[in-house]
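In: Sequence and predicted structure, then a few things I'm wondering about:
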Amino acid sequence: MNQPIPPKDIAKRAAGHAAAKLIHDGMLVGLGTGSTAFYFIEALIERCASSNIKISAVATSERSAAQAKAGGIPLYDINKVTTLDITVDGADEIDHQKRMIKGGGGALLREKILASISREMVVIIDKEKLVDQLGIFPLPVEVVPFAHQLTLSRINKLGCHGSFRRKKNGDNTTLNELYVTDNGNYIVDIAFPQGCHSPEQTNNALKSIPGVVETGFFFHLAGRVIVGYPDGHIKIIP
Ligand code: A5P
């Protein structure tokens, strides 16, 4: 017997499936990463299989690429494209100005590159991701392995509370091994005990540290936001 889907997943699925309806024949689509993007890719595969729609895609992670490939979606090398028609991706938090924190799934760098070359980034979230202030979700920051301890101490000298993300136990990994991104880098997760009061300033300070590749702050990138609710309905923030 199938397990019932938890309410949060109903919301994520509703948002992901609604986004798949925005994809039209001939589009070059950026595929996001995460549990909500999973539902989008699932619905996109279904939409392409059951209609005459032919699309191609670029993925923000090896995970999403594998899912799309298994579903028969042709994938492009990012170096062969200059613009994407649309990217559909999740978020960890989004505020009223559509500023976001992303990277909970570790794919922030590729996500930001794809979002930055997309005519529109459609954000798919469950309602819990809508926040008044960013920073309850720890901010992921991608750093190069070289001098990573030094980079972490420079991050923390800014007054941040950062620590390296570790691989999950039971992953065939040595306990406490550092999490490695698809780009071969590490992630520092920064906690803001009182929330983040000045995201732009914090972003600039972090990016001025050599060794920091990218932060999980996404500004001026979100287009339409599709919010899913646990009863399966959605709202679109234009
Ligand atoms: C992946 O690196 C992230 O940016 C995700 O887009 C974000 O963490 C949302 O993930 P979920 O859809 O799994 O909540």
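Out: The structure has been received and is ready for your questions.
In: Pull up the distance across stretch 111-128, start to finish.
Out: 21 Å (C-alpha to C-alpha, to the nearest Å).
In: what comes up buried for it?
Out: Buried positions in stretch 111-128, judged by neighbour count with 16 or more other C-beta atoms under 10 Å: 111-115, 118, 120-126. Every residue, glycine included, has its C-beta placed from N, CA and C.
In: same thing with stretch 222-231?
Out: The neighbour-count check on stretch 222-231 (16+ other C-beta under 10 Å) flags 222, 223, 224, 225, 226, 227, 228, 230 as buried.
In: The buried residues of stretch 111-128 in helices, which ones?
Out: Of the positions in the buried residues of stretch 111-128, 111, 112, 113, 114, 115 sit in helices, assigned by DSSP state H.
In: out of the residues you listed, who's near the ligand?
Out: Near the ligand, judged by C-beta under 6 Å from any ligand atom, the entries from these are residue 111.
In: Dump the ones in helices among the buried residues of stretch 111-128 into TSV; add distance to residue 35 and pLDDT as well.
Out: Below are these laid out as TSV (distance: C-beta to C-beta, whole Å; pLDDT from 0 to 100):
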residue	distance to residue 35	pLDDT
111	14	98
112	19	98
113	21	98
114	18	98
115	18	98
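In: ok, of the ones in helices among the buried residues of stretch 111-128, which one's closest to the ligand?
Out: residue 111 (5.4 Å; C-beta to the nearest ligand atom).
In: Which positions in the chain make contact with the ligand?
Out: Residues of the chain lying close to the ligand (C-beta under 6 Å from any ligand atom) are 32-36, 89-92, 102-108, 111.
In: Those residues in helices, which ones?
Out: 35, 36, 108, 111.
In: between those residues, which has the most around it?
Out: residue 111 (32 neighbours; other C-beta atoms under 10 Å).
In: from what I can see it touches residue 32, true?
Out: Yes - counting by C-beta atoms under 8 Å, residue 111 touches residue 32, with 6.4 Å between them.
In: Can you pull the residues that touch both of these two?
Out: Common neighbours of residue 111 and residue 32, counting by C-beta atoms under 8 Å, 6 or more residues apart in numbering, are 60, 89.
In: Okay, and the beta partners of residue 187?
Out: Following DSSP bridges, residue 187 is listed with bridge partners residue 142.
In: Make CSV from the ones in helices among the buried residues of stretch 111-128 and add distance to residue 236 to it.
Out: Below are these laid out as CSV (distance: C-beta to C-beta, whole Å):
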residue, distance to residue 236
111, 21
112, 23
113, 25
114, 21
115, 18
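In: Let me see the contact set for residue 18.
Out: 124, 226, 228, 234, 236.
In: out of the residues you listed, who's nearest residue 189?
Out: Closest to residue 189 out of the contacts of residue 18 is residue 124 (22.5 Å), distances taken as C-beta to C-beta.
In: Show me where this structure has its helices.
Out: 7-20, 35-50, 62-70, 108-116, 148-157, 199-207.
In: want to try CSV for those helices, with distance to residue 180 as columns?
Out: Shown next, in CSV, are the helices of the chain (distance: least, C-beta to C-beta, whole Å):
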stretch, distance to residue 180
helix 7-20, 26
helix 35-50, 20
helix 62-70, 12
helix 108-116, 13
helix 148-157, 11
helix 199-207, 20
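In: does residue 122 have beta-bridge partners, and which?
Out: residue 88.
In: Then the one 4 residues further on?
Out: Beta-bridge partners of residue 126, counted by DSSP bridges, are residue 228.
In: Please tell me how far it sits from residue 91.
Out: To residue 91, residue 126 is 10 Å away according to C-beta to C-beta, to the nearest Å.
In: circling back to that earlier point, closest one of the ones in helices among the residues of the chain next to the ligand to residue 82?
Out: residue 111 (17.8 Å).
In: got the contact list for that closest one?
Out: 32, 33, 60, 89, 102, 103, 218.
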